[in-house]
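Colleague: Next come a sequence and a model predicted from it.
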Amino acid sequence: AVIPAAGARIPAFALIEAEVLTMLGRAEDARALTEDLPESRTPLAHFFVGLNALRDGHAAGKATPRGADAFRRAQEAVERAVFLSAHARLFHSVFLAQAACRAESTGELHPAVGALETLWPRSSIALFCLGDALDEHGRLEEAVAAYRKAIDLNPRFVMALSNLGITLDVMGRPEEAMTWLERALEVDPLYAPAHYNIGNVHRSQGRLAEAIAAYEKATTVDPRFSLAFHNLGLARMEIGDHDGAVTAYRKATEIDPEDALSHYGLGNAYRTHGDVEEANTAYEKALEIAPDYAEAHCNLGLSLQAQGDFERAVEHLRQGDQIGRSRGEEWPYDSRQWVVQALGAWSHVLNDQEEFARAREVWLQAVEVLPEDPQLLNWVARVLVDPEHDPRVWDGEAALPLAMKAVALTRRENPDFLDTLALSLIHI
């Protein structure tokens, strides 16, 4: 037998150490440890590299660069494990399918997913992972069918019972969802995801006290369940318990400091509580993690506006509006109005400070945001020619096209707009 050199890690021991590190929440350390093993590593070593990357991806979220990279690494590692393995091919293929369906960006199912039921039609694990992959691709009816087949083969398969409940809830069938989630808890009363998803069903039905109880049970069973703390924060916000929400969100961000959603929620809780400085810090942290987080830009902008920091408020509101509206129908906020309100407030401050040229620029920026709003066009034109304003603000040439457009959009039916038009002509 060859005795390892002093300081060298025995691969089998390194794999066990990596698994322990992962369980302790130190996924980065676990990944570094497994990646330091020799390239001649066993299929099991590749498998653990992929498993740790898969966990890292789930923690970061598929939509983040870190998550996308982790799922890609998971797919590559487990593909290598499957290639090298003459044993446990099902076990490795299952994780390959999970990694591949999350790494895939084309919307098509990876061949590894389709192979699960074909090669192992009597394996509850294979059918469960088929359901998970179909779920990930939005093919919910097919996912439900796959989960049911897995449960038929293994009625005590707690993950399949729980995932079936989750999918049914997404499909708008909460009562059926609750039945399957409760069955999961009958099998394993300490299965935290089932408690968490029971909380989600209760919350979706407006049963907030029951939702809070379920989330708290999930966090008791698994004190590092950051998603449960996050949703506990949401539910506490909804009942007006802002102190409780702050506590829950803070715990979520302590468990996962890279969770932008929980930093954003923490900002909302602080802002509602009136602690604007802490709110801004939390929003800024969310944006440091996810720079394209439109809601965080907007809420930071509104918070800055309340503080009187109009220049930064406009900057963040503009970014939030642009990013949000690029989503199309998914963006539910009229954030352009927020931008205009911030610009209006800023222009008044500049005007009071007799920074007239800069104030005029800000007024005209507001028109660029809402160029077809006759009320805004008339308001800006009026500001530029109003006899009650300082003559240094007057600018008939800038006011005239705005006033003419406001009159045209209202078909000359608004006398106030016609009056502004007349003043603009006088001041040319």
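Modeller: Nice, thanks for sending it over.

Colleague: Helices along the stretch 151-300 of the chain, start to end?
Modeller: Residue ranges of the helices in the stretch 151-300 of the chain, as given by DSSP state H, counting those that start in this stretch, are 158-170, 174-187, 192-204, 208-221, 226-238, 242-255, 260-273, 276-289, 294-307.

Colleague: can you put those in CSV and add mean pLDDT?
Modeller: Formatted as CSV, the helices of the stretch 151-300 of the chain follow (pLDDT from 0 to 100):
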stretch, mean pLDDT
helix 158-170, 94
helix 174-187, 96
helix 192-204, 95
helix 208-221, 97
helix 226-238, 96
helix 242-255, 96
helix 260-273, 95
helix 276-289, 96
helix 294-307, 93
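
Colleague: now the ones you listed in a markdown table, with mean neighbour count and distance to A59?
Modeller: For the C-beta atoms, the positions are set from N, CA and C on the backbone; glycine is no exception. Output for those, formatted as a markdown table (neighbours: other Cβ atoms under 10 Å; distance: least, Cβ to Cβ, whole Å):
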| stretch | mean neighbour count | distance to A59 |
| --- | --- | --- |
| helix 158-170 | 24 | 18 |
| helix 174-187 | 18 | 22 |
| helix 192-204 | 23 | 14 |
| helix 208-221 | 20 | 16 |
| helix 226-238 | 24 | 8 |
| helix 242-255 | 21 | 10 |
| helix 260-273 | 24 | 12 |
| helix 276-289 | 20 | 13 |
| helix 294-307 | 22 | 20 |
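
Colleague: what's the residue nearest the centre of the chain in contact with, if anything?
Modeller: If you average the C-alpha coordinates of the chain and look for the closest C-alpha using Cα atoms, centre = their mean, you land on L261, 5.4 Å from that point. Residues touching L261, when contacts are defined by Cβ atoms under 8 Å, 6 or more residues apart in numbering, comprise 230, 286.

Colleague: what sits up against stretch 410-417?
Modeller: Contacts to stretch 410-417, defined as Cβ under 8 Å, 6+ apart, come from residues 374, 378, 403, 406-407, 418.

Colleague: Can you tell me which of these is closest to F310?
Modeller: N378 (22.3 Å; Cβ to Cβ).

Colleague: element containing the spatially closest residue to the closest one that is not a sequence neighbour, please.
Modeller: Nearest residue to N378, sequence neighbours excluded (Cβ to Cβ, 6 or more residues apart in numbering): A406, at 4.1 Å. Using DSSP states H and E, A406 sits within helix 396-409.

Colleague: ok, then the element right after that helix?
Modeller: Going down the chain from helix 396-409, the next helix or strand is helix 415-426, by DSSP H and E.

Colleague: and the angle from that following helix to helix 396-409?
Modeller: Here helix 415-426 points in a direction 150 degrees away from that of helix 396-409 (axes from the mean of the first three to the mean of the last three Cα atoms, to 10 degrees).

Colleague: buried ones in helix 415-426?
Modeller: Of the residues in helix 415-426, those with enough neighbours to count as buried (16 or more other Cβ atoms under 10 Å) are 417-418, 420-421, 423-424.
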